[in-house]
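Asker: whatever this is, show me its structure:
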Amino acid sequence: MRDIHIALDMMGGDYGPRSTIPAAIKAVADFPYLHLYLCGHSQSIHTALNKNNALGHPRLTVVHAEQVVNQDERPDLALRRKPHSSMRKALELVKDKQADACVSAGNTGALLAIARYVLKTLPSIKRPALISALPTYEDDKVLLLDLGANIHHCSDTLFQFAVMGAVMAKEVEGIENPRIALLNVGEEDIKGAEHLKRTADKLMQCEHINYIGFAEGNDIFAGKADVIVCDGFVGNVALKTIEGVAKLIISKLRAMSETSFFSKIMIGILMPGIRKLFSKMNPDHYNGASLVGLRGIVVKSHGNASSKAFYSAIKEAITEAQRQVPEKIKDKVEVMLNAVD
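Answerer: Residues are numbered from 1 along each chain as shown. Okay, here's the model as predicted:
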């Protein structure tokens, strides 16, 4: 097993080192081949390491960064005015080949902007995409992209997203011949916007893609497809809707528990299982979302991530580094584009 080096944005997210330090310590304990660069305020990181009895760990290297990208900071301002941020430092370590991947719980828009500027997109890739896993009825996974890296897409971009999703499903999830679907307002070929129809035509022409047709919103969790492709506006709305519905149901169950003693007992018994189910419906909490299509691996953890969730994002980065996902995407895209030219 070759050594894996991952750069962590230690200051990103709502909790900073309180969340990222315990996750980093657990990760190097669980993976003896893992080396982590801890990017952020060195004094804060050293203090947190000392509190966790990990100061001086041989596989935890502190990289000082003077600046922090705030959660509500505009991406363009973060890119121009924060050249020495912990987020930027972590991405530059990937660019310089010192790290195999970057993990951050910081500002999503800023991470997308800085990552694209620092790492650049792979050859032939027009735009990167944000992708993550959602659970299905059968307790399998479905990969959904784009989750908001870009708002508007043409058919060429959506075709590339399908290719990248197929590579992620095969290399990360272990699905040999992943089923690819396009998210649409109906399953019939005559429905949907023209750019979706053109994307469908491209996918049907490509014998290297297992394209199964259009999927509707209620198919996301049904296990119909292994990868569902959509533009960033639709993907982000779908993701936020899923989160909102989960919170609504929990809120209603709490209200019901106050109506009678019997309801309170029953819901109290069911609530742990319900919470566990709904926690999986937020892919950032589940295992981190990946920014694919770049010349390097970038994993985005939820801004409100606990140490457990941030640890899961580190594991995702390890898997992608071991499988060399960017190289696989690059090779696959070139083959696919030649197939539909």
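Asker: what is the neighbour count of residue 330?
Answerer: 17 (other C-beta atoms under 10 Å). (Glycine included, C-beta is placed from N, CA and C.)
Asker: show me the contacts for it.
Answerer: Residue 330 makes contacts with 122, 123, 124, as judged by C-beta atoms under 8 Å, 6 or more residues apart in numbering.
Asker: what ranges do the strands span in the stretch 201-341 of the chain?
Answerer: Here the stretch 201-341 of the chain has its strands, by DSSP state E, counting those that start in this stretch, at 210-215, 227-229, 289-292, 297-300.
Asker: may I have the beta-bridge partners of the residue nearest to the spatial centre of the chain?
Answerer: By C-alpha atoms, centre = their mean, the mean C-alpha position of the chain lies nearest to residue 289, the distance being 0.6 Å. Counting by DSSP bridges, residue 289 forms beta bridges with residue 300.
Asker: check contacts around residue 99.
Answerer: 5, 6, 7, 37, 90, 93.
Asker: burial count for the last one?
Answerer: Going back to what we said before, that points to residue 93. Residues lying near residue 93 (other C-beta under 10 Å) number 24.
Asker: isn't residue 110 right up against residue 72?
Answerer: No: in this structure, residue 110 is not within contact of residue 72 by C-beta atoms under 8 Å, at 10.0 Å.
Asker: neighbour count for these two, which is higher?
Answerer: Neighbours per residue (other C-beta under 10 Å) separate residue 110 from residue 72, with residue 110 holding more: 26 against 8.
Asker: hmm, back to that, and the contacts of residue 330, which is closest to residue 104?
Answerer: Residue 104 lies nearest to residue 122 out of the contacts of residue 330, by C-beta to C-beta, at 19.9 Å.
Asker: for the closest one, which non-adjacent residue is spatially closest?
Answerer: Counting by C-beta to C-beta, 6 or more residues apart in numbering, the nearest residue to residue 122 once its immediate chain neighbours are dropped is residue 330, at 4.8 Å.
Asker: before we move on, back to that, okay, the contacts of residue 330 in TSV with distance to residue 149 and secondary structure next?
Answerer: Below are the contacts of residue 330 laid out as TSV (distance: C-beta to C-beta, whole Å; DSSP: H, G, I helix; E, B strand; the rest coil):
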residue	distance to residue 149	secondary structure
122	14	coil
123	18	coil
124	17	coil
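Asker: tell me where the chain has helices.
Answerer: In the chain, the helices defined using DSSP state H lie at 17-30, 42-51, 75-81, 86-95, 108-119, 155-171, 194-205, 232-257, 261-279, 283-286, 307-323, 325-340.
Asker: redo the ones you listed as CSV? Include mean pLDDT.
Answerer: Formatted as CSV, those follow (pLDDT from 0 to 100):
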stretch, mean pLDDT
helix 17-30, 95
helix 42-51, 95
helix 75-81, 94
helix 86-95, 98
helix 108-119, 94
helix 155-171, 92
helix 194-205, 91
helix 232-257, 78
helix 261-279, 65
helix 283-286, 48
helix 307-323, 92
helix 325-340, 79
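Asker: nearest to residue 301, of those?
Answerer: Smallest distance to residue 301 across the helices of the chain (C-beta to C-beta): 3.7 Å, for helix 307-323.
Asker: give me the helices and strands touching that closest one, please.
Answerer: strand 4-9, helix 17-30, strand 101-104, helix 283-286, strand 297-300 (3 or more C-beta pairs under 8 Å, 6 or more residues apart in numbering; DSSP states H and E).
Asker: the same query, at a cut-off of 7 Å, please.
Answerer: Contact here means 3 or more C-beta pairs under 7 Å, 6 or more residues apart in numbering; DSSP states H and E; on that basis helix 307-323 packs against strand 4-9, helix 17-30, strand 101-104, strand 297-300.
Asker: among those, show me which one is buried the most.
Answerer: Mean neighbours per residue, mean count of other C-beta atoms under 10 Å, is largest over the helices and strands packed on helix 307-323 for strand 101-104, with a mean of 31.
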